[in-house]
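Peer 1: Could you work out the structure for the sequence below:
(one chain, ligands or ions: 2)
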Amino acid sequence: MSLVLFAGAEVILPDRILPKAYVLCQRGRIRSISRRHPQGLSAGTTTVDCGGLYLSPGFVDIHVHGGNGHDFMDGSAPAVRAACQAHARHGSTTLFPTTTTGNPAQIHAMLKACAEIQSQRSPANGARIAGVHLYGPFFAEDKVGCHPRSGRRSPNASEYEAYFQTGIVRIATCAAELPGAAAFYRAARKRRCLITCGHSNASWPEMAAAHANGMRHVDHFWCAMSNVSSVRARLGVPMRGSMLEFVLGHADMSTEIIADGCHLAPELLDFAYRIKGPDRLCLVTDSNRAMDLPAGRYRFGPKRSGSWFHSDGRVGWAEDGALASSVQGMDHMVRHMAANSSASLPEVIRMASLTPARLGGIARDCGSIEIGKRADLLLLTPELHIHQVHLAGRPLPVGH
Ligand SMILES: [Zn+2]
Ligand SMILES: [Zn+2]
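Peer 2: Residues are numbered from 1 along each chain as shown. Ligands and ions are numbered 1, 2, ... in the order given. Model prediction:
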């Protein structure tokens with residue numbers, strides 16, 4: 001059963017929608033995209049009737065902490081697998097599991113568990129792991145947010161070199177103002193990671209220095225990042241530019257938004273889209289273990305030592321009343337962005353697939369419906385709800 005034909009779909013290409021089209025997949029890859037029914041197919045071809053449905057590339061999430069009761073920082077293979085399965089049900093076919101703050105043993109356990117699941121290629125494992133986002137622990141003290149405070153520190157070469165040596169870290173975050181940040185960025189650049197600044201109160205000059213060392217991305221725009229007044233509170237007058245102005249003022253800087261409807265109002269979502277454009281703006285879930293679970297009290301980060309937060313079923317709340325990351329999957333983010341911004345549907349999908357794939361260095365393999373790429377495909381209803389998820393051309397097993 002190596003040939004699968006998706007027939008009569010509204011195919012969402014990176015720049016347009018191809019109506020009533022055919023996408024043929026062979027051995028898990030996209031072989032052809034056409035307006036006409038392909039000829040000469042073998043009798044064993046599986047046809048998936050896509051009438052009235054969108055065919056979308058699977059989503060790629062570069063910032064995700066967990067779901068369905070599990071945080072990647074729980075550090076066990078079963079927890080990682082369960083979180084990947086949960087996100088696949090929400091349309092994410094590729095993830096960059098994201099560390100929180102924590103001690104080195106907890107971070108190593110997370111890297112090891114992710115590597116173990118990454119090596120087991122099976123649709124039953126849900127979303128594929130493309131690499132890890134080393135996010136915590138190198139955050140600024142005044143921007144730790146909902147992360148476990150005791151697990152925050154400044155970068156130390158022997159610690160992060162051990163993480164990089166595992167080979168699984170593909171995205172690397174550090175607050176730009178920390179002592180040792182420049183060396184961290186240079187080490188991450190050697191590994192060809194996407195280098196990002198997050199949970200930071202950096203000024204424009206600190207961002208400029210980071211940029212010179214390869215930093216090109218800022219985590220969850222407007223959340224746990226600097227603005228003019230937060231920089232003034234740290235450095236006094238004259239007022240200085242912040243991460244915000246730096247990202248908006250540099251065409252080669254990319255960023256990401258949490259479009260769950262709880263973190264950012266519609267005008268900010270649309271502003272980010274209009275200023276950065278769909279090739280420099282990603283949708284991320286930033287979702288934690290409470291995704292798919294009822295409202296309640298949960299831990300953010302490692303199961304035993306993570307900080308407590310409360311989910312009201314729509315978003316997470318830290319004990320101090322601040323937001324504590326999202327509890328929604330990527331399908332929700334896509335629906336919310338489509339309904340609350342001026343971006344076209346192909347652009348919204350691109351911000352959830354091709355753009356993050358490109359930034360994560362995997363766009364040759366996935367992120368769009370193009371010949372030769374992995375057949376990670378979603379069937380979406382006209383209202384953009386998930387109808388079916390295909391991983392490398394095979395449907396997500398029922399019950400997962
Ligand atoms: Zn964060
Ligand atoms: Zn996060």
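
Peer 1: Show me what the longest helix anywhere in the chain is packed against.
Peer 2: Determined from DSSP state H, the single longest helix within the chain is helix 104-119. Under the contact criterion of 3 or more Cβ pairs under 8 Å, 6 or more residues apart in numbering; DSSP states H and E, the helices and strands touching helix 104-119 comprise helix 77-89, strand 128-129, strand 132-134, helix 157-165. No exception for glycine: its C-beta is placed from N, CA and C like everyone else's.

Peer 1: So which of those is nearest A113?
Peer 2: The closest of those to A113 is helix 77-89. By Cβ to Cβ, the value is 4.6 Å.

Peer 1: Just the CA trace of stretch 281-299, in PDB.
Peer 2: Extracted as PDB, the C-alpha positions of stretch 281-299 are listed here (Å, rounded to 0.1, in the frame of the first residue of the first chain):
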ATOM      1  CA  LEU A 281       6.300  35.300  12.000                       C
ATOM      2  CA  CYS A 282       5.500  31.800  13.300                       C
ATOM      3  CA  LEU A 283       2.400  30.600  15.200                       C
ATOM      4  CA  VAL A 284       3.500  28.500  18.200                       C
ATOM      5  CA  THR A 285       1.400  26.800  20.800                       C
ATOM      6  CA  ASP A 286       3.700  27.200  23.800                       C
ATOM      7  CA  SER A 287       1.300  24.700  25.300                       C
ATOM      8  CA  ASN A 288       1.900  23.000  28.500                       C
ATOM      9  CA  ARG A 289       0.700  19.700  30.000                       C
ATOM     10  CA  ALA A 290      -2.800  21.000  30.700                       C
ATOM     11  CA  MET A 291      -3.700  20.900  27.000                       C
ATOM     12  CA  ASP A 292      -6.600  18.400  26.500                       C
ATOM     13  CA  LEU A 293      -7.100  18.200  30.300                       C
ATOM     14  CA  PRO A 294      -9.900  19.700  32.400                       C
ATOM     15  CA  ALA A 295      -9.400  23.000  34.300                       C
ATOM     16  CA  GLY A 296      -7.300  22.400  37.400                       C
ATOM     17  CA  ARG A 297      -3.900  22.800  39.100                       C
ATOM     18  CA  TYR A 298      -0.900  21.500  37.300                       C
ATOM     19  CA  ARG A 299       2.900  21.800  37.300                       C
END
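
Peer 1: Report the mean confidence score over it.
Peer 2: Looking at stretch 281-299 alone, the average pLDDT works out to 98.

Peer 1: in that stretch, what counts as buried?
Peer 2: Taking 16 or more other Cβ atoms under 10 Å as the basis for neighbour counts, the residues of stretch 281-299 that come out buried are 281-293, 298-299.

Peer 1: Tell me which of these fall in strands.
Peer 2: Restricting the buried residues of stretch 281-299 to those inside strands, with DSSP state E as the criterion, leaves L281, C282, L283, V284, Y298, R299.

Peer 1: Including distance to P38, could the residues you listed go into TSV?
Peer 2: Conversion of these to TSV gives the following (distance: Cβ to Cβ, whole Å):
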residue	distance to P38
L281	35
C282	33
L283	32
V284	36
Y298	48
R299	50
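
Peer 1: quick check, nearest of those to F6?
Peer 2: For F6, the nearest member of these is L283. The distance, counting by Cβ to Cβ, is 23.5 Å.

Peer 1: could you list every residue that touches the closest one?
Peer 2: Residues counted as contacts of L283 (Cβ atoms under 8 Å, 6 or more residues apart in numbering) are F59, E256, I257, A259, M330, M333, V334, M337, V348, M351, A352, P356.

Peer 1: Quick check: strands, which of those are part of them?
Peer 2: Judged by DSSP E, those include F59, E256, I257 as members of strands.

Peer 1: In contact with the second one: list those residues for me.
Peer 2: Okay, so that is E256. I62, H63, H217, V218, D219, H220, F221, L281, C282, L283, V284, P356.

Peer 1: State the pLDDT value of it.
Peer 2: For E256, the model assigns a pLDDT of 98.

Peer 1: For V144, see how far away it is.
Peer 2: From E256 over to V144 the distance is 19 Å, taken as Cβ to Cβ, to the nearest Å.

Peer 1: do the first one as well
Peer 2: Using Cβ to Cβ, one obtains 28 Å as the distance from F59 to V144.

Peer 1: Compare the two and say which is more crowded by neighbours.
Peer 2: Neighbours per residue, other Cβ atoms under 10 Å: of F59 and V144, the larger number sits with F59, 32 against 20.

Peer 1: just checking, the more buried one touches G91?
Peer 2: Yes: contact between F59 and G91 holds when scored by Cβ atoms under 8 Å: they sit 4.8 Å apart.

Peer 1: Buried ones in stretch 308-316, by neighbour count?
Peer 2: Within stretch 308-316, the residues that qualify as buried by neighbour count (16+ other Cβ under 10 Å) are F309, S311, V315, G316.

Peer 1: So of the residues you listed, which two are at opposite extremes in space?
Peer 2: Farthest pair in the buried residues of stretch 308-316, by Cβ to Cβ: F309 and V315, 9.8 Å.

Peer 1: Overlap of the contact sets of the two?
Peer 2: By Cβ under 8 Å, 6+ apart, the residues touching both F309 and V315 are A324.

Peer 1: Now stretch 242-254: buried residues?
Peer 2: Of the residues in stretch 242-254, S242, M243, L244, E245, F246, V247, L248, M253, S254 count as buried by neighbour count, 16+ other Cβ under 10 Å.

Peer 1: same question, stretch 46-64
Peer 2: Counting neighbours by 16+ other Cβ under 10 Å, one finds that the buried residues in stretch 46-64 are 48, 50, 53-64.

Peer 1: Reformat the helices and strands packed on helix 104-119 as TSV; add distance to P97 and mean pLDDT.
Peer 2: Listed next are those as TSV, based on distance: least, Cβ to Cβ, whole Å; pLDDT from 0 to 100:
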stretch	distance to P97	mean pLDDT
helix 77-89	7	98
strand 128-129	6	98
strand 132-134	6	98
helix 157-165	13	98
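
Peer 1: most neighbours per residue, which of these?
Peer 2: strand 132-134 (a mean of 28; mean count of other Cβ atoms under 10 Å).

Peer 1: what's it packed up against?
Peer 2: Counting by 3+ Cβ pairs under 8 Å, 6+ apart, the packing neighbours recorded for strand 132-134 are strand 92-97, helix 104-119, strand 169-173.
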